[in-house]
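A.B. asks: no letters, just coordinates:
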């Protein structure tokens, strides 16, 4: 342990702060607000939350939990089961937590991921009592060196009353040097963010912190939870091919080169698979400026397609994690990990002109997208960074399979039951049927194109019927309000969005 | 005329380009795309479009018309009447044009105002054949000095094949020196925009142009159309007082000082009146970073409340215009006119931390806002810059009177019939009933607050009933999809959103 302490806690002022997770958890009081490291399972605080869950099983304890995004290690699940969360923000992706949220047993604030740090910095949210952040080490200058994600850790550390550091010795120490921590400063007094290229470094390799604030350091040894993404399949490859067709057309039109523009890709199997599909394309020297790097980006690096990737989190499958960790020195020169405020910052997204690829739950005939709510009411995961990117990107592309539930759900509907991205922010829709390029089109031009190119054949006629009836009533964005949600209602009542199902 | 030429066209290479409006209009061919100066009636090209309308009355002629925003001088109205527009973007505000759009007789693309320049620069839209821009002069270096708006004029000039300049001698020549023209450059290759303060100058006082592109210069003498805003009334003063109460609470909480933060205020009577209401507040040394300056800003300057204002357009009532023009030298040191891409740029909005005040047509119980579509289908004016500002501002405030049409419409509904601003982007809602601060609240916390604080008493119970029924069905964002649009449908059928109206 002594050796460990000196290897991992290099600031001599802090070596006396080592405590057990249980001790650290005991400091947390009912009603407090916690800021936990962790973004899409990566780099989450593990030991102290787990000890806190044990406490919550035996006593009445409710806390607010702020994070980067979703946590791993079943922390979100176990916290939800223990009933210990009053309010959770800004993102989660756990099925048990989702259930509790939708039953109204805990509060969830679904927020643009780049906005969380601003809200905390401006003291808009509850003050953070404890920042609990995972680290590979605390360096000679007392800086906290994060692990596989940065997320909101730096703003949590800056604004919290106390800091608990979890030094996770299972995380590769080679991660040190990979991070670039930048504090934007107060609005109205801040400087331009001088990041002009994906690979630019603008900050420090660790999180600066007043050493007095670190009141506990806990040693842990536990890998991140592996991602559960499904490998690319035939359908996702077809979607990738449509995307590639679209991008080739952009190159041909002179709007892009074969190097494209920095790519952002959302979390999840479909976005990962679509990105993976670029592996056999003619595009080269690609750059990634994204929030999460999933397996596909490392495959693209291995294939010599991606030359540099910037992110705020690395979330890998079990197998890919082993491979990446074994070759970290090789990947290191091609990677930077930043705070999510910077990976998702409108200033940078707009300046670099990203190509943004995110998954939609459903889209409508005019191009509005729902990323979050099943049948308009029940939360899936959250908007995440999709809004940060789609609003400010050069190209906001949304991908979705055209049908779900064996064809009983059409992912393209008359009117999305919840709007996360308005028609103003959706440039291209891609399904396995094809793509619709909506740029510069009025709503009445968009609908026929989406119906023709993206809708599953089994719903095409039904959707055309809706559009024609709506057109008859007129308007810039024709609708039959009485029938706008009839597809969702039909599904709820009859288990299918298909009309005339009862007559068959 | 010779004197005029030398006074207004100071670049000797261009003095031979003077033509009549009719001649200039004769160069425009069927199917072409025009980029016209003009933003909310200010600084619009007047003579050539008018001559073109005359042509269109006699021959078959259809063109695409791109602008900064809405035009004055009835140009939009007359173009619509002449049936000469194929596609119009990104904003209009004329009742005749609105009718044609909603009848499907012309296409309208409703776009974030800051996105237009990006789309043109990236060659996403139809190439612009003629930029037709109003100027007070062409200076010694051949730069075009705009008049009362910059809008998209600089990008139109840069990207168009040909340029026609309308020198309007009715516009005060003292406007020269007021503009700050900045070209962002291609995405991926551009520098940070080094604007840190509202008063910072980063560009040139005129629009640089290849002199060969200017193929015609037309002299005109016609003031801008005066704005038609309604003066503040008792109800708007009450709304302003609620806003002031909210802002005072922010100051008390230490989140703002009495200088507040740079203010943005949308176009129209309500936003103007609410801004005007700050005149008797304790806030001082205010700054404005907005797209349009309306009368209220000049009243606030006169009252010593506003020390500097940046915009892309100045749109005044008849009386205020006379006053401002007579005192332009005095106002000049407190004003800058920028391209709309810069006045509405996410990079700047986020950096400065604007307080953004825009008008909504309707909002719903979860804080989604509709700025554009009457009953979800019929276009009013367009989203304008409201999305540019609301997404990136420090505080996104939406104001609306709680009822319309003598109380037969509630501006707060179960589900907005069109979403321009999602719950993620709406911080505060203000009506004459009060305000709801939605920051950090989950949807089920938002609804009771909005209903209690903002809804008109005559709709409060009816809306609570909806919310309670929805709550019973559960979900993060509870809804009864069967009834989500029932208020709008009821209005369409029975002329009122009030339930039980037939039973009374």
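C.D. replies: Ah, there it is. Everything numeric here is computed off the predicted structure, so don't read it as measured data.
A.B. asks: strands along the stretch 201-350 of chain A, start to end?
C.D. replies: In the stretch 201-350 of chain A, strands defined by DSSP state E, counting those that start in this stretch lie at A:214-220, A:263-265, A:286-289, A:292-293, A:306-311, A:313-314, A:335-337, listed in chain order.
A.B. asks: helix, strand or coil: sort out the closest residue to residue A:41 other than its chain neighbours for me.
C.D. replies: Of all residues not flanking residue A:41 in the chain, residue A:72 sits nearest, at 3.3 Å (CB to CB, 6 or more residues apart in numbering or on different chains). In short, each C-beta sits where N, CA and C put it, glycine included. Under DSSP: H, G, I helix; E, B strand; the rest coil, the three-state class of residue A:72 is coil.
A.B. asks: could you give the number of residues near residue A:72?
C.D. replies: If you count neighbours by other CB atoms under 10 Å in any protein chain shown, residue A:72 ends up with 25.
A.B. asks: same check, this time on residue A:324
C.D. replies: With other CB under 10 Å as criterion, residue A:324 counts 21.
A.B. asks: about what we covered before: quick one: residues contacting the residue nearest to residue A:41.
C.D. replies: Neighbouring residues of residue A:72 by CB atoms under 8 Å, 6 or more residues apart in numbering or on different chains: A:38, A:41, A:42, A:44, A:46, A:224, A:225.
A.B. asks: low-confidence ranges in chain A?
C.D. replies: A:1-3, A:500-504 (pLDDT under 70).
A.B. asks: what's the domain layout of it?
C.D. replies: A:1-220, A:234-458 (the TED database).
A.B. asks: got the contact list for the residue minimising distance to the centre of chain A?
C.D. replies: Chain A has residue A:384 as the residue nearest its centroid, 4.6 Å off, counting by CA atoms, centre = their mean. Each residue near residue A:384 by CB under 8 Å, 6+ apart is listed here: A:69, A:91, A:113, A:266, A:267, A:291, A:371.
A.B. asks: go on, residue A:251?
C.D. replies: A:257, A:258, A:260.
A.B. asks: mind giving me the ChimeraX select for these, buried ones only?
C.D. replies: Buried residues within those, by 16 or more other CB atoms under 10 Å in any protein chain shown, are selected in ChimeraX with:
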select /A:260
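A.B. asks: now the residue in the stretch 101-250 of chain A that chain B sits nearest to, nearest residue through space, not along the chain?
C.D. replies: When scored by CB to the nearest CB, the stretch 101-250 of chain A has residue A:187 as its residue closest to chain B, at 2.6 Å. Sequence neighbours aside, residue B:353 is the residue nearest to residue A:187 in space, at 2.6 Å (criterion: CB to CB, 6+ apart).
A.B. asks: ok, that neighbour touching residue B:389?
C.D. replies: No: Residue B:353 is not in contact with residue B:389 according to CB atoms under 8 Å; the separation is 11.7 Å.
A.B. asks: those two: who's more crowded?
C.D. replies: Applying other CB under 10 Å to residue B:353 and residue B:389 shows that residue B:389 carries more neighbours, namely 31 against 21.
A.B. asks: what is the burial count for the nearest residue to residue A:199 once chain neighbours are set aside?
C.D. replies: Distance criterion CB to CB, 6+ apart; nearest residue to residue A:199, sequence neighbours excluded, is residue A:308 at 4.7 Å. Residues lying near residue A:308 (other CB under 10 Å) number 18.
A.B. asks: over to residue A:95?
C.D. replies: Neighbours around residue A:95, by other CB under 10 Å: 11.
A.B. asks: how much space separates it from chain B?
C.D. replies: Distance of residue A:95 to chain B, computed by CB to the nearest CB, to the nearest Å: 14 Å.
A.B. asks: which residue sits closest to that residue, ignoring its sequence neighbours?
C.D. replies: Per CB to CB, 6+ apart, closest to residue A:95 is residue A:77, 7.5 Å.
A.B. asks: can I assume that neighbour sits in a helix?
C.D. replies: Yes: under three-state DSSP, residue A:77 sits within a helix.
A.B. asks: against residue A:379, how distant is it?
C.D. replies: Using CB to CB, to the nearest Å, residue A:77 is found at 15 Å from residue A:379.
A.B. asks: again, but for residue A:98
C.D. replies: For residue A:98, the distance to residue A:379 equals 6 Å [CB to CB].
A.B. asks: same question, residue A:254
C.D. replies: Taking CB to CB, one finds residue A:254 at 42 Å from residue A:379.
A.B. asks: same check, this time on residue A:293
C.D. replies: Distance from residue A:293 to residue A:379, counting by CB to CB: 25 Å.
A.B. asks: and those two? Which one has more around it.
C.D. replies: residue A:293 (30 against 22).
A.B. asks: so what's that one up against?
C.D. replies: A:309, A:311, A:313, A:314, A:315, A:335.
A.B. asks: can you name the residues bridging to the last one?
C.D. replies: Looking back up the chat, that one is residue A:335. Note on residue A:335: beta-bridge partners by DSSP bridges are residue A:309.
A.B. asks: count the neighbours of it for me.
C.D. replies: 22.
A.B. asks: again, but for the one 10 residues further on
C.D. replies: Residue A:345 is surrounded by 24 other residues when neighbours are defined as other CB under 10 Å.
A.B. asks: if I look at it, how far off is chain B?
C.D. replies: Separation of residue A:345 from chain B (CB to the nearest CB): 8 Å.
A.B. asks: OK, contacts around the nearest residue to that residue once chain neighbours are set aside?
C.D. replies: With sequence-adjacent residues excluded and distances taken as CB to CB, 6+ apart, residue A:345 is closest to residue A:114, at 5.7 Å. Residue A:114 sits next to A:340, A:341, A:344, A:345, A:346, A:385, A:388 when contact means CB under 8 Å, 6+ apart.
A.B. asks: and of the residues you listed, the nearest to chain B?
C.D. replies: residue A:346 (3.9 Å).
A.B. asks: now do the contacts for the closest one.
C.D. replies: Residue A:346 neighbours (CB under 8 Å, 6+ apart): A:114, A:388, A:391, A:392, B:346, B:347, B:350, B:391, B:392.
A.B. asks: same question for residue A:400.
C.D. replies: Taking CB under 8 Å, 6+ apart, we find residue A:400 in contact with A:270, A:359, A:360, A:361, A:362, A:363, A:411, A:412, A:429, A:430, A:431.
A.B. asks: in this structure the fourth one contacts residue A:374, no?
C.D. replies: In this case it means residue A:361. Yes: applying CB under 8 Å as the test, residue A:361 and residue A:374 come out as touching, 6.9 Å apart.
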